[in-house]
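K.L.:
Return a 3D structure for these sequence lines:
(chains A and B)
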Amino acid sequence: MATTTPPLERMLERGYSQGFVTEVDSDSLAPGLSEAVIRQISAKKNEPEFLLQWRLQAYFHWLTMPVPRWSRVHYEPIDYNSICYYSAPKTTSEGPKSLDEVDPEILRTYERLGVPLHERARLAGVAVDAVFDSVSVATTFQDELAAQGILFCSFSEAVQKHPQLVQRYLGSVVPYTDNFYAALNAAVFSDGSFCYIPKGVRCPMELSTYFRINSANTGQFERTLIIAEDDSYVSYLEGCTAPMRDENQLHAAVVELVALENAEIKYATVQNWYPGDEEGNGGIFNFVTKRGLCVGAHSKISWTQVETGSAITWKYPSVILKGDYSVGEFYSVALTNNYQQADTGTKMTHLGKHTRSTIISKGISAGHGQNCYRGLVKVGPKALDSRNYSQCDSLLLGSLCGAHTLPYIEVKNPQAQVEHEATTTKISDEQLYYCQQRGIDTEAAVSMLVSGFCKEVFHKLPMEFAVEAQALMEVSLEGAIG
Amino acid sequence: MQNARLLNETDGYNSPVNSGWPWLTAFRQQAQQDFSAQGLPTIQQEEWKYTSIKTLANTAFNLASPGAVNKQNKALSSSNKTSNTKQNYRLTFVAGRFQANWSQLGPLPHGIKLMPLKQALEQEHSLIQTHMGRIAQHHNHPFAALNSLWLEDGVLLYVPRDCHLEKPIHCLFYSPAGTEPQACYPRLLIVLEPGAQAQLIEEYLASPQQEQKDGAPNFTDSITEVVLAKGARLTHFKLLRENALGRHIAGIHVEQAGNSCFQSFSLALDGGLCRNDIQVRLNAEGAQVQLDGLYILADHQHLDNHLRVDHLKPGCNSEVFYKGVLNGQARGVFNGMAIVHPDAQKSDARQVNKNLLLSKKAEMDTKPELQIEADDVKCSHGATVGQLDNEALFYLSSRGLDRDSARTLLTSAFAHELLNRIPAGQLRKQLTSLTRDALARDAQAVQPDGALLADKKYKPLRWS
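P.N.:
Okay, here's the model as predicted:
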């Protein structure tokens, strides 16, 4: 019997293979959030005064904000004082100077996750920044990149070495007043990745950050800032995993992208935080703010995301199209199985003339999963001749799941063209019958139809990630087929 | 409290709560409580995000009185003439009150009840008690509660089992020009027994604005409740032709049993601030609903269409098709929501909203929503906002049409897609001609030298 994918059973046995815990000594702050905690985090990281002040402003603003309730996700209120806001693997010196100094336990962790940190990474051709709980433990290929003037390092390192860049761009796309979780992140963010591509440089390799939550009771609050100067190009990948635990852990990240004239940023995420077990216990709350700003003319920002993990996903990677002729893209596959909930989508704000945006969103719901696309396409009065095309399709597997589509379209310019279309269906019996008739068994057929459904988005991923994403989909659909 | 203005209004002859009948008093008390609990909606509420009713909340309205209706009124006398022809069923309301001399209610086939609500409140207690307030629920519709609190007149239509009413029933609601702000609260209750069929037209008309030198706003809060039993079929038309001072908030609430069919066509041509809510509950297998709408907006008009279809049982169909042409500084809002509940397998839900934005300052906010809790469904929605196709314009120009004619031709073609869905006949002709006039009016409004087609406007529908 012909099968197009590895036998599903074998895949299923894998389950959530990233769910192990690494035993490392860690240096953690006691749970709780207060001004003192923020001062402590800032002191630990030896931050300049402006950053501390910014954190504190964010904290005091956060205290005044109500918890947002508008989304379609349901969860027990989070006790922000029971979370540990800083946890780092213990190191002998201030931080690892090279890979040799990194705790071998941690290196083994990344080895098990399949993240190339060692020299063999050269083969993969990907520069990696690995973030373990609250700090960045290793960044590869820094020297090669530096030769071209590219800065790729952890956020803490950037704060020390390039404070003027950080000060200029931090919060310029996502201010701390933006929303509840962005404010929280601004107050307590611990680390993340920083990337600066100078004028006219085309980044020669894929940059990537690998996030890992390890400690219990910690929240991960990383912050990524990518700046692409005029005529530059960068492609950036992000991956996430966490151990299997019974309690829910909070992940509230902020990603800011700035594209200047003629620059292009591609940002891809494969999000595979621990989704919780079959009864919906445990799992990560993934409340993330991601936004790109196309400042210059002819700039382009493209978001691609594959969301298979997390108990709750709540994120809207957005693009503000400020420069004339700028382009925004959003490609997303969101899968919810068991009791996972996803409320995700995008915002395309057209401000400049001749701006274009494309939204392709594919939602797959299985088990008791709830999947919601929420998008906003806004065309300002000055956005002459702007264009948007949105398509969001949902696939339902099983009778207990839900798929919802809430597209907001606000147009204030007569020369704009905005199109939106959406469909919701299940895999039809005819399609299955057709495959079976040609000797493909049901599971392989479903798997094939699902990957066909997602093909448009997977095509946008770099090759290694596309393969991983495909495999992830199969694992995540465990028990949903039939 | 801003609510107070709408709640405390009295013109001295009718207190809102007390009536001769205990059940009605209780009903109104409940409505008053429900309204007070909710208050007037604000733009902070998702349902009212794009429609601010501040101007409404800040105006002190009096309950409208028809006393000053001018017997010479052109619009109404023309309608009076037509009622002598073969058109049999017409109910005319002025300022929300029934006018017998401009209405014609018969002869009716046996068993059909068609009467003004005021009369029905006296004669048809049980029918009204069974249905009124059950379909349009006060506790989540503040304007339904407000309507129940103040309701006085309206229409009751009851069609018994398997009875087919061939001719349409025309309900005309006319708002005369006044010097102070007036409010009226028409209420319609339509009950169709199994296998019954009927057609009903709700037309809201106001005197031309030119006649209102220092005109004051008119507020109409209308609620229509429709109950369709098994296999019943109602075709409903709603025609909105108020003036720029009109504040119109309407709710059409429908409950459908198995294999029943509700067809609605809503045509909005003129008005100030308008909001239409249509809520349909498909309660049993095989129910079908088709909601069509066309809006031609210009100047500072604001129109908000909120549609919601609940698929509660398997095998129901819903189709929503709304199109709009926006000119001037008009603002259009569309929110279509299809909810497929967990049991409702084999549901088929479609929604399309297409808009033409013809001027720089017009704005369209559209949100077609799907909420699906069942897997074996076919659901789709689409929304577009755009302008006339330049290539099509060029094509027509290359064949000798001047630019304005080409634009008018394309715009009316856009509108005709919807008009052609109305069953052929007198009514379609009428609506088509009204739409054409509205499009011509808007096209000419941009060119100051164009003559307005004012005399054709503001006359009620007429057909034989």
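
K.L.:
all strands of the stretch 301-450 of chain A, in order?
P.N.:
Remark: strands assigned in the stretch 301-450 of chain A by DSSP state E, counting those that start in this stretch are A:312-315, A:318-321, A:327-336, A:341-344, A:347-350, A:356-366, A:370-379, A:387-397, A:402-411, A:417-426.

K.L.:
Report the contact partners of residue 316.
P.N.:
Picking chain A for this. Contacts here follow C-beta atoms under 8 Å, 6 or more residues apart in numbering or on different chains; on that basis residue A:316 touches A:289, A:290, A:344, A:345, A:346, A:347, A:374, A:375. All C-beta atoms are positioned from the backbone trio N, CA, C, and that covers glycine.

K.L.:
Correction: the question concerned chain B.
P.N.:
Counting by C-beta under 8 Å, 6+ apart, residue B:316 touches B:282, B:285, B:286, B:287, B:288, B:289, B:344, B:347, B:348.

K.L.:
For the strand or helix carrying residue A:156, what does the pLDDT average out to?
P.N.:
Under the criterion of DSSP states H and E, residue A:156 resides in helix A:155-161. For helix A:155-161, the mean per-residue pLDDT is 87.

K.L.:
can you pull out the helices in chain B?
P.N.:
B:3-7, B:22-38, B:54-57, B:74-82, B:117-123, B:125-131, B:142-150, B:390-398, B:403-419, B:426-446 (DSSP state H).

K.L.:
Which of the ones you listed sits closest to residue B:310?
P.N.:
helix B:142-150 (16.3 Å; C-beta to C-beta).

K.L.:
where's residue B:391 relative to residue B:359, distance?
P.N.:
21 Å (C-beta to C-beta, to the nearest Å).

K.L.:
ugh, typo on my part, it should be residue A:469
P.N.:
With C-beta to C-beta as the criterion, residue A:469 and residue B:359 are 45 Å apart.

K.L.:
Please say which of those two ends up with more neighbours.
P.N.:
Neighbour comparison, residue A:469 and residue B:359: the larger count goes to residue A:469, with 22 against 17 (by other C-beta atoms under 10 Å in any protein chain shown).

K.L.:
Which of the helices or strands spans that one?
P.N.:
Per DSSP H and E, residue A:469 falls inside helix A:463-476.

K.L.:
And that helix, what does it pack against?
P.N.:
helix A:8-14, strand A:264-271, strand A:300-307, strand A:327-336, helix A:442-458 (3 or more C-beta pairs under 8 Å, 6 or more residues apart in numbering or on different chains; DSSP states H and E).

K.L.:
Please work out how many residues are found near residue 414.
P.N.:
Chain wasn't specified; assuming chain A. 23.

K.L.:
um, chain B though
P.N.:
18.

K.L.:
Now that residue A:420 has come up, it's in contact with residue A:376, right?
P.N.:
No - assessed by C-beta atoms under 8 Å, residue A:420 is found out of contact with residue A:376, at 11.0 Å.

K.L.:
Strands of the stretch 51-200 of chain A, start to end?
P.N.:
A:87-89, A:126-132, A:135-139, A:151-154, A:193-197.

K.L.:
what are the pairing partners of the last one, and which direction each?
P.N.:
Strands flanking strand A:193-197 in the sheet, each with its direction: strand A:151-154 (antiparallel), strand A:223-228 (parallel) (DSSP bridges).

K.L.:
Lowest average pLDDT across the helices and strands packed on helix A:463-476?
P.N.:
With a mean of 42, helix A:8-14 has the lowest mean pLDDT of the helices and strands packed on helix A:463-476.

K.L.:
related to what we said a few turns ago, please indicate which of the contacts of residue B:316 are buried?
P.N.:
Buried members of the contacts of residue B:316, counted by 16 or more other C-beta atoms under 10 Å in any protein chain shown: B:282, B:286, B:287, B:288, B:289, B:344, B:347, B:348.

K.L.:
and those residues as a markdown table, adding distance to residue B:206 and pLDDT?
P.N.:
Shown next, in a markdown table, are the buried ones among the contacts of residue B:316 (distance: C-beta to C-beta, whole Å; pLDDT from 0 to 100):
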| residue | distance to residue B:206 | pLDDT |
| --- | --- | --- |
| B:282 | 34 | 93 |
| B:286 | 40 | 92 |
| B:287 | 35 | 94 |
| B:288 | 34 | 94 |
| B:289 | 29 | 94 |
| B:344 | 41 | 89 |
| B:347 | 40 | 90 |
| B:348 | 39 | 91 |
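
K.L.:
What is the nearest of the residues you listed to residue B:336?
P.N.:
Taking C-beta to C-beta as the measure, residue B:336 lies nearest residue B:289 of the buried ones among the contacts of residue B:316, at 12.1 Å.

K.L.:
Surely the closest one and residue B:262 touch.
P.N.:
Yes - in this structure residue B:289 lies within contact range of residue B:262 using C-beta under 8 Å: 4.8 Å.

K.L.:
Ignoring the adjacent residues along the chain, who's closest to the residue of the stretch 51-200 of chain A found nearest chain B?
P.N.:
In the stretch 51-200 of chain A, the residue that lies nearest chain B is residue A:70 (7.3 Å; C-beta to the nearest C-beta). Closest residue to residue A:70 apart from its sequence neighbours, by C-beta to C-beta, 6 or more residues apart in numbering or on different chains: residue B:46 at 7.3 Å.

K.L.:
Would it be right to say that residue A:43 lies in a helix?
P.N.:
Yes - counting by DSSP: H, G, I helix; E, B strand; the rest coil, one finds residue A:43 located in a helix.

K.L.:
ok, residues contacting the helix holding residue A:156?
P.N.:
Applying C-beta under 8 Å, 6+ apart, the set of residues contacting helix A:155-161 is A:45-48, A:51, A:95, A:135-136, A:139, A:151, A:153, A:165-166, A:189, A:191-194, A:222-225.

K.L.:
Would you mind listing the buried residues in stretch B:244-257?
P.N.:
By 16+ other C-beta under 10 Å, the buried positions in stretch B:244-257 come out as B:244-257.

K.L.:
Count the residues that sit near the spatially closest residue to residue A:250 that is not a sequence neighbour.
P.N.:
Nearest residue to residue A:250 in three dimensions, chain neighbours excluded: residue A:219, at 4.1 Å (C-beta to C-beta, 6+ apart). Look at residue A:219: counted by other C-beta under 10 Å, it has 27 neighbours.

K.L.:
From chain B, how far off is residue A:219?
P.N.:
Distance, residue A:219 to chain B, by C-beta to the nearest C-beta, to the nearest Å: 29 Å.

K.L.:
Next, the contact list for that residue, please.
P.N.:
Residue A:219 sits next to A:83, A:84, A:85, A:188, A:249, A:250, A:251, A:252 when contact means C-beta under 8 Å, 6+ apart.

K.L.:
wait, isn't the third one in contact with residue A:41?
P.N.:
Right, the one you point to is residue A:85. Yes - at 6.6 Å, residue A:85 and residue A:41 qualify as touching, with contact defined as C-beta under 8 Å.

K.L.:
out of those two, which sits in the busier spot?
P.N.:
residue A:85 (27 against 21).

K.L.:
Quick check: pLDDT value at the more buried one.
P.N.:
Residue A:85 is given a pLDDT of 82.

K.L.:
Give the burial count for the residue lying closest to it once chain neighbours are set aside, as a bare number.
P.N.:
Among residues not flanking residue A:85 along the chain, residue A:188 sits closest, at 4.6 Å (C-beta to C-beta, 6+ apart). Residues contacting residue A:188 under the criterion other C-beta under 10 Å number 25.
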